[in-house]
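Enquirer: predicted structure and sequence below. I'll ask about it afterward.
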Amino acid sequence: MGRPGVDFPGFGVGLVILRDDRILLYKRVNAPEAGYWNIVGGKVDHMEPAEKAARREAEEETGLTIGWIERIGMTEQIIDADRQHWISILYLARDIEGEPQLTEPEKLSDFGWFPLSDLPEPLSAFTKAAISALSSAGRA
């Protein structure tokens, strides 16, 4: 059958979570872009609406309760170093409850809230695309 993103283009979602003008980022453990700071997200399951996938992935990865979200754009990432290809819908959430946690230490090693003007390095291609979409949508 193959692996999404590796054997054929994967379809994913990313969720920008903002609170008090800060973005929530997590450090990735695995490819693509292991060791990079990233927005939360993941792959869309078969027959799962993308918006539902964005909320599910974010809640699984952060422990937060995600309320209303809005679509802010799309991105296509071809990451040569990891031989991965992803097409993702990007969403924004400001309606959140709780405090983030490290709920999947096998996937994510660290997290933090960062001002958009002072982001950590290295920053993933997905995160750069999401911040660009956020600015284009006038939501930053």
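Expert: That came through, no problem. Numbers count the residues shown, from 1 in each chain.
Enquirer: in the host helix or strand of residue 73, what's buried?
Expert: Per DSSP states H and E, residue 73 falls inside strand 69-79. Going by neighbour count (16 or more other Cβ atoms under 10 Å), the buried part of strand 69-79 is 69, 72, 73, 75, 77, 79. C-beta coordinates here come from the backbone N, C-alpha and C atoms, glycine included.
Enquirer: can you convert those residues into a markdown table and add a column each for pLDDT and distance to residue 111?
Expert: Formatted as a markdown table, the buried residues of strand 69-79 follow (pLDDT from 0 to 100; distance: Cβ to Cβ, whole Å):
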| residue | pLDDT | distance to residue 111 |
| --- | --- | --- |
| 69 | 97 | 19 |
| 72 | 97 | 21 |
| 73 | 96 | 23 |
| 75 | 96 | 21 |
| 77 | 95 | 21 |
| 79 | 94 | 21 |
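Enquirer: and the two most separated of those residues?
Expert: 69 and 79 (24.9 Å; Cβ to Cβ).
Enquirer: which residues does the spatially closest residue to residue 104 that is not a sequence neighbour contact?
Expert: The shortest distance from residue 104 to any non-neighbouring residue, by Cβ to Cβ, 6 or more residues apart in numbering, is to residue 61 (5.7 Å). Contacts for residue 61 (Cβ atoms under 8 Å, 6 or more residues apart in numbering) come out as 26, 40, 42, 103, 104, 107, 108.
Enquirer: so which of those is the closest to residue 118?
Expert: Residue 118 lies nearest to residue 26 out of the contacts of residue 61, by Cβ to Cβ, at 17.0 Å.
Enquirer: can you pull the contacts of that closest one?
Expert: 37, 38, 39, 40, 61, 62, 108, 110, 111.
Enquirer: which pair in the contacts of residue 61 spans the largest distance?
Expert: Greatest spatial distance among these (Cβ to Cβ): 42 and 103, at 12.9 Å.
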